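Peer 1: Dropping a prediction and its sequence here:
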Amino acid sequence: MMTNLENMVLENSMPKLQVPKFDGSPSKYTAFINSFDSIIASKTNDPVRLLQYLIDCCEKDALEKIQAWSILPPAEGYKRARETLKLHYGQPYMVARCLLVELLALEPLEKDKSKGLGTKLLTFHSKLATAHATMQSIRAEGDINSQITIKTLLAKLPSFACNEFKKDAARIYSDGREPNIKDLMDFVLKVAHRENHAYADVNSMKQKAPEKKADKDVRTKPSRQTSTGKVSTYTTDQEKIASTPQTSKQPTKFACLHCSEPHTLERCQKFKGLNMQERMKQGRKLEICFNCLRKGHASTACKFDSNCLTAGCDKKTSWSLSFL
């Protein structure tokens, strides 16, 4: 057996333990008091040191509640400070309620994409175990073992896990009892171990089939014979854009010069509905080339090598201004 001297030497050689800061959250009260008693109160009976350590270990709301007791004699001040902390943060119903609120406010595991499922399940299990152990120590297990609490916590797991737990629940019911928080904890730990090893992410390594790019649908104007006997497949920029499928994110660049709809003037049904004189009048008003039906130049300067297809007409004029 080790002597007192050996214990002292061993204790001095070990890293110093620190009590976690207490900010006044009831869910942390039990763990804080247990740590304080184990690390500090068990080492000294001096009320001066105990009160000073207790004040140093508190912050925020908790510090404000006990700071005033430092004006009392140390023994009385330490006693009042401990009582104040328990009154405001250590009542069993407060601790239980705060733990449940924090558990039920947890985000569903599938929302967090930054970690693997196995890691998230282990973290979830740790939070369940901490809450369960705390409620056990204050004898408030009934709150965390309710059916609605277990169902709400179960709903935070992935769908496949929920379906698996249904089978476990059916087996538990066949044993003549209700599923409890311990059953859920055991189940989460089992799934966590299954999803937390070297082969757990093998599905993510499957290669996805390359997506096929849609063929561009570029429509051209039907071939037609010119006055020189050549076959022309000339397609204007306006026609290419109008024939390309448009989406809401890609607004139409060119609109019909006559009706402003997304098509070329040559394909405009409203323009076709006009008689010859009206079409010629509208063409002059729009200041378009009578050959290619585009703006910016006259028919005499048009590079589109085509003459009118109307019998007996050899002018450089679009067929849409002669017949339709």
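Peer 2: That came through, no problem.

Peer 1: if I look at the most centrally placed residue in the chain, how far off is L265?
Peer 2: By Cα atoms, centre = their mean, the chain has its centre lying nearest to K111, at 5.8 Å. Using Cβ to Cβ, to the nearest Å, K111 is found at 54 Å from L265. Heads up, the C-betas are built off the backbone N, CA and C, glycines and all.

Peer 1: Show me how the chain divides into domains.
Peer 2: 16-90, 95-197, 235-243+252-301+309-321 (automatic domain parsing).

Peer 1: Is it possible to get these out as a markdown table so that each row also shows mean pLDDT?
Peer 2: As requested, those are arranged in a markdown table below (pLDDT from 0 to 100):
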| stretch | mean pLDDT |
| --- | --- |
| domain 16-90 | 94 |
| domain 95-197 | 91 |
| domain 235-243+252-301+309-321 | 71 |
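
Peer 1: who are the neighbours in contact with L265?
Peer 2: 256-258, 271, 288, 293, 320 (Cβ atoms under 8 Å, 6 or more residues apart in numbering).

Peer 1: Would you indicate which residues of stretch 288-296 are buried?
Peer 2: Judged by neighbour count using 16 or more other Cβ atoms under 10 Å, the buried positions of stretch 288-296 are 288-294.

Peer 1: how about those residues, which pair is most distant?
Peer 2: Using Cβ to Cβ, the buried residues of stretch 288-296 span at most 10.3 Å, a distance reached by F290 and R294.

Peer 1: Pull the residues that contact stretch 72-88.
Peer 2: Contacts of stretch 72-88 (Cβ under 8 Å, 6+ apart): 22, 24, 29, 33, 46-48, 50-51, 54-55, 58, 62, 65-66, 69-71.

Peer 1: Give me the buried positions along it.
Peer 2: In stretch 72-88, counting by 16+ other Cβ under 10 Å, buried: 74, 77-79, 81-82, 84-85, 88.

Peer 1: Centre of the chain to that stretch, how far?
Peer 2: Centre-to-centre, stretch 72-88 and its host chain are 46 Å apart (Cα atoms, centre = their mean, to the nearest Å).

Peer 1: who touches the residue lying closest to L122 once chain neighbours are set aside in this structure?
Peer 2: Excluding the flanking residues, the one nearest L122 by Cβ to Cβ, 6 or more residues apart in numbering is A192, at 4.7 Å. Taking Cβ under 8 Å, 6+ apart, we find A192 in contact with 118, 121-122, 124-125.

Peer 1: at 7 Å what do you get?
Peer 2: 118, 121-122, 125 (Cβ atoms under 7 Å, 6 or more residues apart in numbering).

Peer 1: Spell out the residue ranges of the helices in this protein.
Peer 2: Along the chain, counting by DSSP state H, helices occupy 4-13, 26-36, 47-56, 60-66, 74-89, 92-104, 117-137, 141-144, 147-154, 159-174, 181-194, 237-243, 269-272, 276-286.

Peer 1: So which other helices or strands are in contact with the second one?
Peer 2: Right, the one you point to is helix 26-36. Counting contacts by 3 or more Cβ pairs under 7 Å, 6 or more residues apart in numbering; DSSP states H and E, helix 26-36 packs against helix 92-104.

Peer 1: cutoff 8 Å now
Peer 2: For helix 26-36, the packing partners by 3 or more Cβ pairs under 8 Å, 6 or more residues apart in numbering; DSSP states H and E come out as helix 74-89, helix 92-104, helix 117-137.
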